[in-house]
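Student: following is a predicted model, sequence given first.
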Amino acid sequence: MTMILLLFVVASALVVAEVLFPSFGLLSLLSISCYVTAVIKAFDIGQTQGYTALSAVIILAPITIWGGFQILRHTSLGRRLILSGPKEADVRGRGTNKNLETYLGREGVAATDLRPSGAVDIGDDRVDAVSEGDFVEAGTKVRVVYVEGNRLVVETLAAASSA
């Protein structure tokens, strides 16, 4: 029984080592062979012990892989491999919770090309906008025609004066 437990420990350590030090599957093959050997030895003792060991492998292997990735997140290699999301301070106030109706009828300047969507500077605010179908170059003066859901629809001032 001690040999079976030792094989489980070695197999689990090899799984974690494979996650931390990629060996192109060599450590995984060794860990699988340790798990299989432990199950075979358990079946040699008795059927109940064999099925218990098999159940332990089915439960232990995924938990060990998950634990290896949890450890990986805290290593220098893991921090370079696993992307992190933006910080809360970087995204605060950038949602679509602004009252877009306040921009209706106001004039601004296209901050980016509108093909048909892009950004428009209205006063001190930069907001996402959509042109009324035409391509609008950056720097062109625009007016907000209407608000549709969470988007501003703009037209160029030249198009507004000809209409």
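Tutor: Sure thing, it's come through.
Student: and stretch 77-86, average pLDDT?
Tutor: On average, the pLDDT along stretch 77-86 is 80.
Student: one more: stretch 111-130?
Tutor: The average pLDDT within stretch 111-130 is 89.
Student: any regions of this structure where pLDDT drops low?
Tutor: The chain contains residues with pLDDT under 70 at 89-98, 159-163.
Student: the same query, at a cut-off of 90, please.
Tutor: Residues of the chain meeting the criterion pLDDT under 90: 1, 19-22, 25, 72-103, 115-117, 123-128, 132-134, 147-152, 157-163.
Student: any idea how far the helix ranked longest in it is from the chain center?
Tutor: When the chain is parsed with DSSP state H, its longest helix is helix 47-72. Helix 47-72 has its C-alpha centroid displaced from the chain centroid by 27 Å (CA atoms, centre = their mean, to the nearest Å).
Student: C-terminal to it, what's the next element?
Tutor: helix 76-81 (DSSP states H and E).
Student: which residues touch that next one?
Tutor: Residues from elsewhere that reach helix 76-81 (CB atoms under 8 Å, 6 or more residues apart in numbering): 20, 71-73. Just so you know, the C-beta spots here come from the backbone N, C-alpha and C atoms, and that holds for glycine as well.
Student: convert it to PDB, retaining C-alpha atoms only.
Tutor: Provided in PDB are the C-alpha atoms of helix 76-81 (Å, rounded to 0.1, in the frame of the first residue of the first chain):
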ATOM      1  CA  SER A  76       7.700  34.700 -13.700                       C
ATOM      2  CA  LEU A  77       7.100  32.500 -16.800                       C
ATOM      3  CA  GLY A  78       3.400  32.300 -15.900                       C
ATOM      4  CA  ARG A  79       3.000  36.000 -15.600                       C
ATOM      5  CA  ARG A  80       4.400  36.400 -19.100                       C
ATOM      6  CA  LEU A  81       2.300  33.600 -20.600                       C
END
